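Q: show me the folded form of this:
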Amino acid sequence: MSEVAPEHGHIDLEKPNAARVYDYYLGGDHNFAIDRQMAEEAIDMWPDLPLVMQANRAFLRRAVQFCVDRGIRQFLDLGSGIPTVGNVHEVAQLAAPGSRVVYVDTDPVAVAYSKKLLSDNPEAAIVDADLRDPERVLGSPEVAELLDLSQPVALMMVAVLHFVPDADEPYEVVNRYREALAPGSFLVISHASNEGRPDVAPAHADLYRKRTTTPLTMRSQAEVTRFFDGLELVDPGVVFLPEWRPVAPTEVGEHPERLTGLAGVGRKP
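A: Sure, this is the predicted structure:
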């Protein structure tokens, strides 16, 4: 574990945490032994998992660049996780200096490290809030200070909606955010799915259900596409992670379905 951490009294060290497990998959060091143990179990079950996570991170970078290229200078990243190379603000501010980014997460490690990382960046901030509470997120001082919701925003929901169970009405949550966004805003989503690897994906979801406080809800392509209802779905639609606007055709590979996450971007008309 890296040297800077919040007080352990605020961290459950008895169960793995999805944000810290993801950090381990990406080669980060902001995780604990319990997280590494679960990640290794998952990798034994599904050796391609680190590649899936890397493909998801690559999608995030391409999607941010896509939004910047279309004039977006404001980003709201929900469920942003632990800071890792290639964060939204790094990509956006490199491509368009002055871009403003607000991250949102509830994991104390993610929040603590985000605050440290952003301490000298006046155009980026972290909100300690649950994305399932859009009113709290959108009404936060950080959003009020950095984002002008009367202007287009890129709403990032990358690898997070699969942690929102059906009982918590994920479509309604997304709708409440969308309603607050100005025309010309973009919704960016990636999502875990059984499609592509039905042989191992359900067992992976079962591991999260048994071991963490954030069980996975796998959704089909049709279910993920439904999040974009009322938006203009950007070509090529909702596809496997490597298939969404690759920089080069060679990035897709012969079997993009092996990297099972689904990804898409929609524009609010």
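Q: the least confident helix or strand in the chain by mean pLDDT: what's the following helix or strand?
A: Using mean pLDDT, DSSP states H and E, the weakest-scoring helix or strand in the chain turns out to be helix 201-211, at a mean of 78. Tracing the chain past helix 201-211, the next element assigned as helix or strand by DSSP states H and E is helix 221-226.
Q: how far off centre is that following helix?
A: Distance of helix 221-226 from the chain centroid (Cα atoms, centre = their mean, to the nearest Å) equals 17 Å.
Q: what about the strands in the chain?
A: Remark: strands assigned in the chain by DSSP state E are 74-78, 100-105, 124-128, 154-158, 186-191, 232-233, 239-240, 262-267.
Q: can you show me the helices along this protein?
A: With DSSP state H, the ranges of helices along the chain come out as 18-25, 33-45, 49-69, 88-95, 108-117, 134-138, 141-146, 170-180, 201-211, 221-226.
Q: among those helices, which is nearest residue 102?
A: Smallest distance to residue 102 across the helices of the chain (Cβ to Cβ): 5.3 Å, for helix 141-146. Using the backbone N, CA and C atoms, a C-beta is placed for each residue, glycine as well.
Q: elements contacting the closest one?
A: Where contact means 3 or more Cβ pairs under 8 Å, 6 or more residues apart in numbering; DSSP states H and E, helix 141-146 is packed against strand 100-105, strand 124-128.
Q: out of those strands, deepest packed?
A: Highest mean neighbour count among those (mean count of other Cβ atoms under 10 Å): strand 100-105, with a mean of 26.
Q: leaving out the residues flanking it, which one is nearest to residue 260?
A: residue 196 (3.9 Å; Cβ to Cβ, 6 or more residues apart in numbering).
Q: surely the one you found is in contact with residue 242?
A: No. Taking Cβ atoms under 8 Å as the definition, residue 196 is not a contact partner of residue 242, at 10.8 Å.
Q: overlap of the contact sets of these two?
A: 256, 259 (Cβ atoms under 8 Å, 6 or more residues apart in numbering).
Q: tabulate the helices of the chain in TSV, adding columns for distance to residue 232 and mean neighbour count.
A: Shown next, in TSV, are these (distance: least, Cβ to Cβ, whole Å; neighbours: other Cβ atoms under 10 Å):
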stretch	distance to residue 232	mean neighbour count
helix 18-25	30	24
helix 33-45	36	16
helix 49-69	14	21
helix 88-95	22	20
helix 108-117	31	21
helix 134-138	22	17
helix 141-146	25	15
helix 170-180	12	17
helix 201-211	29	16
helix 221-226	13	16
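Q: now the ones you listed in CSV, with distance to residue 187?
A: Compiled in CSV, the helices of the chain are given as follows (distance: least, Cβ to Cβ, whole Å):
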stretch, distance to residue 187
helix 18-25, 21
helix 33-45, 28
helix 49-69, 10
helix 88-95, 14
helix 108-117, 22
helix 134-138, 13
helix 141-146, 16
helix 170-180, 7
helix 201-211, 24
helix 221-226, 12
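Q: looking at the ones you listed, which has the lowest confidence?
A: For those, the weakest mean pLDDT is recorded on helix 201-211, namely a mean of 78.
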